[in-house]
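Colleague: Build me a model:
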Amino acid sequence: MNPYQTRAFEGASGVELTVALYDGVIRFMHHAIDAVECGDAGQRRAAVKRAMDIVIHLQATLQMDIGGKPAEALAEFYVAMFALMLQGSQANSKEKFEQVIACVRNVRDAWRQVAKDPDAVRAPARLAATLSEQRPAGIERSDSVAGAGSCWTA
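Modeller: Reported below is the predicted structural model:
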């Protein structure tokens, strides 16, 4: 990262950093698509790994005790995106990567709205509503997986 980017992130809010991480997932999914088109399995795997690392980081930094329903929805969303990336990599599928991009872009845009919303009380509910609309094809929601409650399954 160049010094300009480093300085930009130093002054960024938590929401701005989250949006930047979503942008990173989108960028690496585009790299994965380019690699599929070029037939470069090594570059595809590297790009998918970078995107998955970001999703793992996002998942690990969720504060479930503070975040409530929106945090639960985000956790489910991250599991679904991870599964979709894994499926896309295994199948060498541009379509699955494009699906990840579309879903992540939609949630990123919801985060941008949260950042702009002066009424922070309603913002988490709006984000949770956006997340609940994200049901990528091939990823189904199951409410009874080994008694673990609600989760996404591939």
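
Colleague: Per-residue confidence at Lys116, what does it come out as?
Modeller: Per-residue pLDDT puts Lys116 at 80.

Colleague: what comes up buried for the host helix or strand of Pro70?
Modeller: In the assignment (DSSP states H and E), Pro70 maps to helix 64-91. Using 16 or more other CB atoms under 10 Å as the test for burial, helix 64-91 gives 67, 70-85, 87-89. Backbone N, C-alpha and C define where each C-beta goes, glycine included.

Colleague: Please apply the same query to stretch 23-31.
Modeller: For stretch 23-31, by 16+ other CB under 10 Å, it's Gly24, Val25, Ile26, Phe28, Met29, His31.

Colleague: So which residues make contact with that stretch?
Modeller: 43, 47-48, 50-51, 54-55, 81, 85, 97-98, 100-101, 104-105, 108 (CB atoms under 8 Å, 6 or more residues apart in numbering).

Colleague: At which residues are the helices of this structure located?
Modeller: 3-10, 14-38, 41-60, 64-91, 94-116, 123-132 (DSSP state H).

Colleague: that older thread, can you flag the buried ones in the contacts of stretch 23-31?
Modeller: By 16+ other CB under 10 Å, those give 47-48, 50-51, 54-55, 81, 85, 97, 100-101, 104, 108 as buried.

Colleague: Distance to Glu16 and pLDDT added to those residues, as CSV?
Modeller: Listed next are the buried ones among the contacts of stretch 23-31 as CSV, based on distance: CB to CB, whole Å; pLDDT from 0 to 100:
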residue, distance to Glu16, pLDDT
Ala47, 24, 98
Val48, 25, 98
Arg50, 20, 98
Ala51, 19, 98
Ile54, 15, 97
Val55, 18, 97
Met81, 20, 97
Met85, 24, 98
Phe97, 25, 98
Val100, 22, 97
Ile101, 20, 97
Val104, 16, 97
Arg108, 11, 94
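
Colleague: Understood, closing this out.
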